[in-house]
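Asker: From the sequence below, what's the structure:
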Amino acid sequence: METIYGSVFKDSDAVYSCQLNGKGGIMAFGEDEAATAEQPFWQHLDYKNQASQRWIMSTALLPTSVKEGLSGESIRPKVLRTGEGTMITLRTVNRNENARPDHLVSFRIYINDRMIISSRHRKVRCIDQAMDDLHNGVGAKSTGHWLVEIAGAITDEMNDFIEELHDSLIGFEDDILEQKVPGRGELVLLRKQLIVLRRYMAPQRDVFLRLASERLPWMNNEDRRLMQEIADRLGRGLDDLDGSIARTAVLADEISSMMADAMNRRIYMMSLLTMVFLPTTFLTGLFGVNLGGIPGNEYRFGFGIFCLLLSILITIFAWWLRRTKWL
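Answerer: Residues are numbered from 1 along each chain as shown. This next block holds a predicted model:
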């Protein structure tokens with residue numbers, strides 16, 4: 001097996017740069033120190049960093065297809081075997097400040113039994129957690145173990161976010177039961193977040209299933225078993241997403257029905273008012289013509305008596321509507 005020395009990473013300007021010690025921790029390495037299968041390197045890069053991008057494109061450690069994958073923009077999760085290594089693209093929840101969680105963060109990993117090269121631009125919380133575990137001596141012991149820990153952390157983070165969306169959905173359902181209409185755009189945003197997660201987590205589940213089923217030389221049977229469990233957990237999250245998306249459609253129909261009912265009640269009330277005042281409108285129109293012979297034209301109490309008769313007529317008509325259950 002070809003030996004890798006620390007000097008090959010000298011100009012990478014990595015966010016993290018370490019060497020696993022095989023016991024759950026890390027050890028410092030110099031330019032003349034070598035990495036074996038038991039002591040692989042991990043380089044975590046920012047692909048927008050010019051120095052890191054130059055190193056990715058110039059290093060002899062990576063195949064050409066991997067260089068493009070690590071330094072370019074990736075959309076959907078995928079896995080690609082290239083010789084002795086594997087190129088993996090994953091996505092996770094965006095927990096950066098002033099960012100929406102559904103604007104998912106993508107990061108890429110090239111991994112084999114001797115090294116891990118990962119890249120991202122926006123911070124990935126599970127990567128930081130993996131480094132903290134290594135500093136505390138409770139982290140990954142091999143490259144396969146490292147990938148399992150990252151996949152598990154991503155899935156747990158994703159399922160937590162799905163639970164947050166589910167709680168929001170329950171809140172909307174409770175409001176609907178109390179005849180409260182959600183704010184404009186709130187339900188649309190929730191539905192969009194659910195659909196975005198469904199779009200990217202389905203292929204990510206397939207990535208985990210493929211990693212669990214293929215006999216990659218840098219993953220042992222225990223790693224494959226754990227990866228299968230992670231894929232199953234993500235699959236249950238996808239089932240929750242499917243159910244939540246269907247429930248948002250029901251909520252949208254219910255909101256439309258509530259608004260239509262409210263509009264119908266207003267139109268009905270306006271129609272009843274029109275019916276109540278229809279006889280009085282006819283009489284006032286009739287007595288309002290400027291022609292001779294109008295009854296009470298010269299009687300000084302004529303206007304008051306006319307208003308009293310109109311009031312009595314309105315009261316009788318309203319009583320009739322109520323008795324016939326129109327009101």
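
Asker: what number of residues lie near residue 141?
Answerer: 16 (other CB atoms under 10 Å). Glycine gets a C-beta too; all of them are placed from N, C-alpha and C.

Asker: One more: residue 244?
Answerer: By other CB under 10 Å, 22 other residues sit near residue 244.

Asker: Residue 192 now?
Answerer: That count, for residue 192 with other CB under 10 Å as the rule, works out to 13.

Asker: One more: the one 10 residues further on?
Answerer: Other residues lying near residue 202 total 16 when counted by other CB under 10 Å.

Asker: Pull the contacting residues for the closest residue to residue 104 other than its chain neighbours.
Answerer: Among residues not flanking residue 104 along the chain, residue 91 sits closest, at 4.4 Å (CB to CB, 6 or more residues apart in numbering). Residue 91 makes contact with 77, 104, 105, 106, 107, 200, 201, 204 under the criterion CB atoms under 8 Å, 6 or more residues apart in numbering.

Asker: What are the phi and psi values at the first one?
Answerer: Residue 77 has phi and psi values of phi -60, psi 140 when expressed as degrees, to the nearest 10.

Asker: circling back: sticking with the residue nearest to residue 104, tell me its helix or strand.
Answerer: Element membership for residue 91 (DSSP states H and E) is strand 85-92.

Asker: got it, and residue 80?
Answerer: Going by DSSP H and E, residue 80 is in strand 78-82.

Asker: Point out the other helices and strands that that strand packs with.
Answerer: For strand 78-82, the packing partners by 3 or more CB pairs under 8 Å, 6 or more residues apart in numbering; DSSP states H and E come out as helix 64-71, strand 85-92, helix 186-213.

Asker: Quick check: next helix or strand after the longest one?
Answerer: If you walk from helix 186-213 toward the C-terminus, the next helix or strand you reach (DSSP H and E) is helix 221-287.

Asker: what is the orientation angle of that next one with helix 186-213?
Answerer: For helix 221-287 against helix 186-213, the angle by axes from the mean of the first three to the mean of the last three CA atoms, to 10 degrees is 160 degrees.

Asker: Now do the contacts for residue 168.
Answerer: residue 190.

Asker: That one and residue 17: what is the separation?
Answerer: Using CB to CB, to the nearest Å, residue 168 is found at 40 Å from residue 17.

Asker: which SS state does residue 138 fall under?
Answerer: coil (DSSP: H, G, I helix; E, B strand; the rest coil).
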